[in-house]
Structure formats: structure tokens, C-alpha cells
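>>> Structure for this input, please:
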Amino acid sequence: MNKLLELIEKAKNIAITGHVSPDGDCTGSTLALYNYITENFEDKQVRVCLEKPSMKFSYMKGFDLISEDPFLEADLLVSLDASDRERLGSRGVMLDTAKNSICIDHHITNTNFAGFNIVEDFRSSTCELLYTLLDYEKISVNTAVCLYTGIVHDSGVFKYQSTTRQTMEIAGALIDKGFDFTKIIDDTYFKKDFNAAKLLGLVLTNAKLEFNGQCCYGVLDYDTWTGYIDDKKKMDGIIDNLRNISGVEIALFMYESDKGEYKVSLRSINKNVSSIATALGGGGHIRAAGATVYGRADELLKNAILPMIKKELDG
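Just a heads-up that it's a prediction; the model follows:
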């Protein structure tokens, strides 16, 4: 028995959490574990404490039970897909109040911040790692749907370099549980509402190329993006469109989340953008990373971000 299941066996009240602004992998892994525990351990009380994910993930069982409030009386806290305590946001306090804690993650920048840590940075996703810790025969359709969603999103529908033969084999084993896997990909990865599509078009129209076309970047201020959409999560995928431009090695997308606060996303084909994100106070994967920065967008680009991108491109 692995450490995760051993800790679950011993606990009665279990809290599950993940990083702020939860994406498909974070949402999928937290709800997958929730379903697995509630279906196979009848005596456990389980709560998912997480910033509310995008409604496009609402098909996953347990989505409507997610609470943004910390659960301060847990015997066990399970953190999924978060690389450090700060990424848990206000729910990080549960690390101090839970009797035991374990972190399950695949980020290369993970700080091993929990009491126990299972971190495998070669995995395509936390959902792929979580799958290896569960008993396949006890994985229900509901759990499989969650795991598959996370793998799809963090592997870029199996096209990122983190995708391995085992990733594909695990995805196939999950599909064997029986669910409409094509609908998951279409509805959560590719489809956008009309205004989100128009916003993407605006970003692409105003995007700029630097360093002989090796870097493409786009920037949105708060007033602009809120004039199109009411949920920042609808900007998911903009960074991938910038990276898909021919000749681009590093893509950068910045949007103003609050006055003078910008969320930065970085993607690369072959370069290490996690080093750039770490220098900016963030983290992530070698090919996909992000950070939160403060100041004026033009000054941040000129004085910090673009010079670091150039250094990485020249390295």
C-alpha cells in the first residue's frame, strides 16, 4: 500500500485541496480523489476545499460540493497539483491545522511543503500520477472522467512533450471504463463562447513578435478583458494560440487581474520557461509556467520579462 492510501485508511476527516485558479488537472485530480474515497471508504468524511473552478468542468461528480472555505478540523490534508504552500492561497492554513498532510504533484518547482510528498515531475499531469496511486479495479466511471479530464488538459490533448507511452496507456485504460471522451475534449478544451472567441481574436490582432519571430506575446488590461467576459477562466487557451504561431519558440500572455497586478503565462516548444517564471516569483513546468507580477505592463516587459526571454532564447 502506498503512502496516500495508508494515510487515507487512518484518517476519518479528510480535506482535499489544490492550487488557486484551478485548471483541468487541479480540478480533475481533486474531484477524482474525492470520488474515489467516497465510493471506496464509507466511513470517511471528505471535503474538497478549492477556489471555484470554471463551470465548463461542472460535469464532474462532486463539482457542486466544492467549498472555497478552509476545513480546519481535518485528520488529513491532501494537496493536489500545487507546487508550494503559497499556491494554495487562503487554504494553505490547513497545512497548520491538519494532523497529517500529503502533497501529490508533478511540478519541477515543487518545494516538498507537506508532511509527506509524492512528486514525480516526469508525469504529464497530477491526474496521471494520482492514477498510479489508486486501485484500477476500484476506479469508477465518475473517477475516470475526472482523471481523464486532467490528463487531457495538462498534456495539451496529448501533444506536449511530457506525454509518454504510459500517459497514452493510462488514458486508454480510463476510456475502457466507458464514457464519452471526445465530448470532454471538445467541450472543455476547444469550445469557447462567442465573446471569449472575440477576445482571443483581439489578442491575436494586437500580438507582437520579438527576437526574429521566436517570441510572441499579448497583453490585456483589466478594462479590456472585462468588457468581453465576466470570468478570467474563459481566457484559458489564449497562450496556446500564441505558441502555435509558426516560428515561435516562447509565447507570453499577460492579463491585468487587479490594478497593477498581472498574471503571466509562459509556454515554450523546447526552452525552459520555468526558470523565467521562478525568477518572477512563480513556477511551473519546463515548457509551461507562470507568475504574478506587479507594476506597469510596458515596464515589466521592457525591464524584466523580455530580457529574460531573450537570454533563454540565446542560451
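>>> Am I right that Ala289 is in a strand?
Yes. Membership of Ala289 in a strand is supported by DSSP: H, G, I helix; E, B strand; the rest coil.
>>> The nearest residue to it once chain neighbours are set aside: which element?
In this structure, Ala289 finds its nearest non-sequential neighbour in Ala277, 3.5 Å apart by Cβ to Cβ, 6 or more residues apart in numbering. C-beta coordinates here come from the backbone N, C-alpha and C atoms, glycine included. Taking DSSP states H and E as the definition, one finds Ala277 inside helix 274-279.
>>> what's the answer for Thr132, then?
Counting by DSSP H and E, Thr132 is part of helix 126-133.
>>> got the CA coordinates for that helix in CSV?
This file holds the C-alpha atoms of helix 126-133, laid out as CSV (Å, rounded to 0.1, in the frame of the first residue of the first chain):
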residue,chain,number,x,y,z
THR,A,126,-1.1,15.2,-11.5
CYS,A,127,-4.0,13.1,-12.7
GLU,A,128,-1.6,10.7,-14.3
LEU,A,129,0.4,10.4,-11.1
LEU,A,130,-2.7,10.0,-9.0
TYR,A,131,-3.9,7.2,-11.2
THR,A,132,-0.8,5.2,-10.4
LEU,A,133,-1.6,5.5,-6.7
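>>> which of the residues in the helix or strand that that helix is followed by are buried?
For helix 126-133, the succeeding helix or strand toward the C-terminus, using DSSP H and E, is helix 141-154. The neighbour-count check on helix 141-154 (16 or more other Cβ atoms under 10 Å) flags 142-154 as buried.
>>> Ok, stretch 171-182 next?
171, 174, 177, 179, 181.
>>> angle of the helix holding Thr132 against helix 141-154?
Relative orientation of helix 126-133 versus helix 141-154 (axes from the mean of the first three to the mean of the last three Cα atoms, to 10 degrees): 140 degrees.
>>> C-alpha coordinates for stretch 287-294, CSV please?
The C-alpha trace of stretch 287-294 is given here as CSV (Å, rounded to 0.1, in the frame of the first residue of the first chain):
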residue,chain,number,x,y,z
ARG,A,287,7.6,24.1,-21.0
ALA,A,288,4.6,25.7,-19.2
ALA,A,289,4.9,28.1,-16.3
GLY,A,290,3.5,31.3,-14.8
ALA,A,291,3.8,34.0,-12.2
THR,A,292,2.1,37.1,-10.8
VAL,A,293,3.9,40.4,-11.2
TYR,A,294,3.2,43.9,-10.2
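>>> any residues touching it, and which ones?
Applying Cβ atoms under 8 Å, 6 or more residues apart in numbering, the contact partners of stretch 287-294 are 109, 160-162, 254, 257, 260-274, 276-278, 280-284, 300, 304-305.
>>> cool, stretch 230-238 as well?
Contacts to stretch 230-238, defined as Cβ under 8 Å, 6+ apart, come from residues 21, 23, 53-56, 189, 192-193, 195-196, 199-200, 203, 218, 220, 225, 229, 253, 255, 257, 263, 265.
>>> cool, stretch 109-119 as well?
2-4, 7, 77, 79, 83-85, 95, 100-107, 121, 129, 133, 274, 277-278, 283-284, 289.
>>> If any of these are buried, give me the PyMOL selection for them.
Selection of the buried residues among the contacts of stretch 109-119 in PyMOL, burial being defined by 16+ other Cβ under 10 Å:
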select buried, resi 4+7+77+79+83+84+85+95+100+101+102+103+104+105+106+107+121+129+274+277+278+283+284+289
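>>> tell me the helices in this structure, going along the chain?
Under the criterion DSSP state H, the chain contains helices at 3-10, 24-40, 94-97, 126-133, 141-154, 165-175, 181-185, 194-206, 222-226, 238-243, 274-279, 297-300, 306-314.
>>> Can you give me every residue that contacts the residue nearest to Ala289?
Residues in contact with Ala277 (Cβ under 8 Å, 6+ apart) are 109, 264, 266, 283-284, 289-291.
>>> Give the ranges of residues in the stretch 1-150 of the chain that sit below the confidence cut-off.
Applying pLDDT under 70 to the stretch 1-150 of the chain flags no residue at all.
>>> residue closest to the middle of the chain?
Asp23 (4.1 Å; Cα atoms, centre = their mean).
>>> Quick one: end-to-end length of stretch 200-215, please.
In stretch 200-215, first residue to last residue: 18 Å (Cα to Cα, to the nearest Å).
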